[in-house]
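**Student:** any chance you could fold what I've pasted below:
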Amino acid sequence: MQTKTRWLALASTLFVVWGTVTAQRAQDARSSSDVQRVVRKYAAALGGQARVMNIRTREIHGTFEYRGIEQHATGQLEMRWRSPSSLVEQLRGPMGVITRGFDGARA
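**Tutor:** As a prediction, this is how the structure comes out:
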């Protein structure tokens, strides 16, 4: 009787693991196709793949919100990338300005 119970437990475990792996693979495939669809639409909106490959700078401006233990703050965020490898980020908030960057050789 114990052997039958052990085999049943093993079979149930294997079935659950197999089902989980199969479901995860299906979800990954759907996510991948969704991402590819968005990237294709983005490239088309910018004028096609060739034009996207010629982009040398990118800037992002936005806001951020910080929540900690008894702390709450909002501020401004600026990021600038320039090809091939330079980056500048600035966070402006109530505690001051934080700037960091990378020029391709040093940070």
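**Student:** so for the host helix or strand of Arg37, mean pLDDT?
**Tutor:** Here Arg37, judged by DSSP states H and E, is contained in helix 2-46. Mean per-residue pLDDT for helix 2-46: 69.
**Student:** how far away is the most centrally placed residue in the chain from Leu46?
**Tutor:** The C-alpha lying nearest the average C-alpha coordinate of the chain belongs to Val35 (Cα atoms, centre = their mean; 11.3 Å). Val35 sits 17 Å away from Leu46, going by Cβ to Cβ, to the nearest Å. For every residue, glycine as well, the C-beta is placed using N, CA and C.
**Student:** check Ala73 too.
**Tutor:** Separation of Ala73 from Leu46 (Cβ to Cβ): 34 Å.
**Student:** tell me the domain ranges of this structure?
**Tutor:** Here the domain assignment for the chain is 2-49, 56-102, based on automatic domain parsing.
**Student:** cool, thanks, signing off.
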